[in-house]
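1. Give me a model of this one.
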Amino acid sequence: MTEGMIEVTGGRVWYQRMGEGDRIPLLVLHGGPGFTHEYVRSLGDLSPERPVVFYDQLGCGRSERPPDLSLWTVERSVEELAQVRRTLHLDEVHLLGQSWGTMLASQYLLGRTEGVRSVIMASPCISSPRWAADAARLLGGLDAATRDVIAHHEASGFTSCPEYQAAILAYYRRHVCRLDPWPEEVERSFAGAGMDVYETMWGPSEWAVTGRLHDFDTSGRLGEIHLPALFTCGRHDEATPETVEYYRSRMPGARLVVFEESAHMAHLEERGRYNRVVADFMNEVEAG
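-> Numbering: from 1, shown residues only. Alright, predicted model coming up:
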């Protein structure tokens, strides 16, 4: 296992490379934006047969946290990904994005696919408008008292209030991670999150998309990405199976696997099966 810091636009980001297997490396793009590599670290289980590379995107986790809010854009994040890949000599790579990481992956791949052997879109957030619509519907499944607390605090702008945070936790436990208690990886990711990044780019909660990503949508251009593609999601995911199937349909030949016991973190909620599905997919791609 090796780790270090990489110079990128705006500061330095931390990376870690696990494993020295002889297969093509897997580069993992965490979600958020701003929620660190910790919660996707379970993908390191794949490292006995191939290197697995993680990095904390600028502004969160073990990476530097510059105060300049102008840095939190899709364009700079795409360039950061290119800089990480170039510095680590990842000439051939499988790319896995989770949640916001699929926004990053799709935007990156619309401009450069050289050396990328496949892409795994895990619980994808590729269209902010679709995400917001799904989240509003799922929010309607919470009890009336919880919905009232959420609505009142959002209308008043009191989204840092502990009462609001407690209310949105009910949604997270139903549609983000259904394990009880939450795994340490999830707790560490929340503890190390860059909330200024999340709020600037996304908003105060999963359904309140008020940040710079409010109109992001690459779903109509997925057919321009000519790569083997695997989509995954949980049956109870905020990235709903219906929406993920729509994304899959935009990429000819792409596959979708739905994890029946999971929400947004199938890689943790059904860890063993998830890693087998991803490993089999990459091995099949490499076998031609």
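
2. in the stretch 101-250 of the chain, which spans are helices?
-> 128-139, 144-156, 162-175, 184-191, 195-201, 241-249 (DSSP state H, counting those that start in this stretch).

3. so which of the ones you listed is the most packed in?
-> For these, average neighbour numbers computed from mean count of other C-beta atoms under 10 Å are highest in helix 195-201, which has a mean of 20. Glycine gets a C-beta too; all of them are placed from N, C-alpha and C.

4. Check which helices and strands that one is in contact with.
-> Judged by 3 or more C-beta pairs under 8 Å, 6 or more residues apart in numbering; DSSP states H and E, helix 195-201 is in contact with no other helix or strand.

5. Can you give me the buried ones in the longest helix seen in the chain?
-> Ranked by number of residues, the top helix in the chain under DSSP state H is helix 271-287. Residues 271, 273, 274, 275, 277, 278, 279, 281, 282, 285 are the ones in helix 271-287 that count as buried (16 or more other C-beta atoms under 10 Å).

6. so how far is residue 133 from the fifth one?
-> Yep, that's residue 277 we're talking about. From residue 277 across to residue 133, the span is 28 Å (C-beta to C-beta, to the nearest Å).

7. just residue 184 next, same as before
-> For residue 184, the distance to residue 133 - C-beta to C-beta - is 33 Å.

8. ok, now residue 115?
-> Separation of residue 115 from residue 133 (C-beta to C-beta): 35 Å.

9. Next: residue 72.
-> Residue 72 is 24 Å from residue 133, by C-beta to C-beta.

10. got it, and residue 120?
-> From residue 120 over to residue 133 (counting by C-beta to C-beta), the distance is 24 Å.

11. same thing with residue 275?
-> In this view, residue 275 and residue 133 are 31 Å apart by C-beta to C-beta.

12. Please apply the same query to residue 41.
-> Residue 41 is 31 Å from residue 133, by C-beta to C-beta.

13. And the longest helix of the chain, what does it pack against?
-> By 3+ C-beta pairs under 8 Å, 6+ apart, helix 271-287 packs against strand 93-98, strand 116-122, strand 229-234, strand 255-259, helix 266-269.

14. Okay, now the sheet partners of the longest one, with direction.
-> Read that as strand 116-122. strand 93-98 (parallel), strand 229-234 (parallel) (DSSP bridges).

15. any chance of those in CSV, with mean neighbour count and mean pLDDT too?
-> Output for those, formatted as CSV (neighbours: other C-beta atoms under 10 Å; pLDDT from 0 to 100):
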stretch, mean neighbour count, mean pLDDT
strand 93-98, 27, 98
strand 229-234, 26, 98
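
16. Would you mind giving these as JSON lines with distance to residue 179 added?
-> Converted to JSON lines, the strands paired with strand 116-122 look like this (distance: least, C-beta to C-beta, whole Å):
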{"stretch": "strand 93-98", "distance to residue 179": "16"}
{"stretch": "strand 229-234", "distance to residue 179": "11"}
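
17. quick one, which of the ones you listed is nearest to residue 215?
-> strand 93-98 (19.4 Å; C-beta to C-beta).

18. angle of that closest one against helix 271-287?
-> Angle between the axes of strand 93-98 and helix 271-287 is 150 degrees (criterion: axes from the mean of the first three to the mean of the last three C-alpha atoms, to 10 degrees).
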